[in-house]
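> give me a 3D structure for the following:
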Amino acid sequence: MVEKSSSAGTQSIALLLTDFLPAERAPRADVLADHHHLLSFDLVHTLFNTVPSVVLILNPQRQIIFANRALKGILGLTDLVEILGSRPGEALCCVHAKAAPGGCGTTPWCTMCGAGKALAAGLGGKAEVQECRLATHDGRIALDLRVSVSPVELEQRPYLLMVLEDLSAEKRRAVLERIFFHDLLNTVGGVKGYAELLDLADETERELFTGRLNELADKLIEEINVQRELSAAERGELTLSLEPLDPAEVVASVLRSYERLRVARGKHLHFDRTDKVGLVAGDRTLLQRVFGNMVKNALEAVPPGATVRAGAEQVEHEVRFFVTNPGVLPREVELQLFKRSFSTKGEGRGLGTYSMRLLGEHYLGGRVGYHNGSEGSVTFELTLPVWEGVTLRDGQRLEHGFSAASSIV
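Numbers count the residues shown, from 1 in each chain. Have a look, this model is predicted:
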């Protein structure tokens, strides 16, 4: 532990050296004094309250001393005084804001945060614009923000002017166009190609092409359903059809479906079978979707000849679904996993791990996590409680008391 020295106007905080920005905070009395000082400038609150974007003014310790009405509407606050003295990530309920004693700006995740980078530049006297992917409310809400930070002075007092613009709708459209429409067009193109070949095919080839057409038609339906389910889940409108499920059957079904896909060509899918695994309660389609995303991500991450291992095992009163592949997640990738627009596959991808957590935790009521193995492997897993024979009702969302924040290893 390091005792940070107390200087005039700052609080003494005993904590470990932070992973990014300083942890010191100004006392509450100083925050309120700065707040009232800013309110003495009519132009400040009159001008900024007419702006539709969120506008924050921060002190040098990155604490909010002024926020416009736009933030009040987003947070559902009756009085903005409630958030004075907090930092931006804390006010917006970022899932990582409490991951270190120093709060927002001091955690390992903050090193990869666009808002944190913009604030660091502002503290250094430079204006900066960054994009920020923020998971809020235990990961239930995903925000894509454009963050602008500029150092300013008012009557020789230094402040940081921070503007947050919501890019979520723009990012969703981009993802829809780049992922959904791109994949859809590829599949439709395949259907058209095989349909044209049917006219020229002999009887043996016709049977082969017909089978391939059926596979592509199934894939087309699957892609549409995936996008529809994800949109419904983000709106909180996804309805579940609950039943007791055999984990081994779920794993086998998913592996059979992926064995036939192009992403698995030249690669080995191994089912790690274990005995005496209890049933779990869930929606079959949703559980297969989450586990299938894990399998797909693993297959995409390995070269031909590699083996991806998958299975389900019971550990006390829980069932752990897991997928393991050779490789290690770099630290910079680990710190951005499960964010809506982040991907290791390039711009505009990145719904795989995000949808795993959204569906696996907030609808199936489980824990989604990962870990790098000691022998150069990475494992993604979904943990669900063993079904104990309780009556299941269609449409209910499963709640098992798991914490989304605890699932990051």
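
> would P101 count as being in a helix?
No: assessed with DSSP: H, G, I helix; E, B strand; the rest coil, P101 is coil; it does not lie in a helix.

> what about it, neighbour count?
Neighbours of P101 under the rule other C-beta atoms under 10 Å: 14. No exception for glycine: its C-beta is placed from N, CA and C like everyone else's.

> repeat that for S374.
If you count neighbours by other C-beta under 10 Å, S374 ends up with 6.

> for it, what is the enclosing helix or strand?
Counting by DSSP states H and E, no helix or strand carries S374.

> got a pLDDT number for it?
Confidence at S374, expressed as pLDDT, is 75.

> and the next helix or strand past the longest helix anywhere in the chain?
Looking across the chain with DSSP state H, the single longest helix is helix 203-235. Later in the chain than helix 203-235, the nearest helix or strand by DSSP H and E is strand 242-245.

> may I see the buried residues of that next one?
242, 245 (16 or more other C-beta atoms under 10 Å).

> mind listing what E243 touches?
281-284, 392 (C-beta atoms under 8 Å, 6 or more residues apart in numbering).

> closest to R256 out of the residues you listed?
Checking those against R256 with C-beta to C-beta, the nearest one is R284 at 14.5 Å.

> state the pLDDT value of the closest residue to that closest one other than its chain neighbours.
Distance criterion C-beta to C-beta, 6 or more residues apart in numbering; nearest residue to R284, sequence neighbours excluded, is L245 at 6.0 Å. Per-residue pLDDT puts L245 at 95.

> surely L245 touches V280?
Yes: between L245 and V280 there is a contact under C-beta atoms under 8 Å: 5.4 Å.

> shared neighbours, the two?
Counting by C-beta under 8 Å, 6+ apart, the residues touching both L245 and V280 are 287, 387.

> buried residues, stretch 18-30. List them.
18-26, 30.

> rounded mean pLDDT for it, please.
Averaged over stretch 18-30, pLDDT sits at 95.

> before we move on, what about stretch 59-66?
Mean per-residue pLDDT for stretch 59-66: 97.

> break this protein into its domains for me.
Taking automatic domain parsing as the criterion, the chain consists of the domains 2-166, 171-235, 242-407.

> lowest-confidence stretch among these?
If the domains of the chain are sorted by mean pLDDT, domain 171-235 sits at the bottom with a mean of 77.

> ok now it, how far from the chain's centre?
Distance of domain 171-235 from the chain centroid (C-alpha atoms, centre = their mean, to the nearest Å) equals 26 Å.

> stretch 247-258 now?
25 Å.

> which residues are contacting that stretch?
The contact list for stretch 247-258 (C-beta under 8 Å, 6+ apart) reads 264, 269, 271, 273, 277-280, 284, 287-288, 291-292, 295-296, 299, 310-312, 319, 321.

> name the residues of that stretch that are buried.
Within stretch 247-258, the residues scored as buried using 16+ other C-beta under 10 Å are 247, 250-255, 257-258.

> picking up where we left off before, report the buried members of the contacts of stretch 247-258.
Buried subset of these (neighbour count, 16+ other C-beta under 10 Å): 264, 269, 277-280, 287-288, 291-292, 295-296, 299, 310-312, 319, 321.

> just the ones of these in helices?
With DSSP H as the criterion, helices contain 287-288, 291-292, 295-296, 299 from among the buried ones among the contacts of stretch 247-258.

> hang on, the earlier thing: ok, now which ones touch the residue nearest to R284?
279-282, 284, 287, 387.

> ok, A99 to D19 distance?
Remark: distance between A99 and D19 (C-beta to C-beta, to the nearest Å) = 10 Å.

> picking up where we left off before, show me which of the contacts of E243 is closest to V333.
For these, the nearest to V333 is G282 (28.4 Å; C-beta to C-beta).

> measure W109 to E205 for me?
For W109, the distance to E205 equals 54 Å [C-beta to C-beta].

> okay, the two: which has more neighbours?
W109 (23 against 12).

> grab the nearest non-local neighbour of the more buried one.
Among residues not flanking W109 along the chain, H96 sits closest, at 4.2 Å (C-beta to C-beta, 6+ apart).

> burial check on the one you found, number of neighbours?
A total of 20 residues lie near H96 under the criterion other C-beta under 10 Å.

> give me the three-state assignment for it.
Following three-state DSSP, we place H96 in the coil state.
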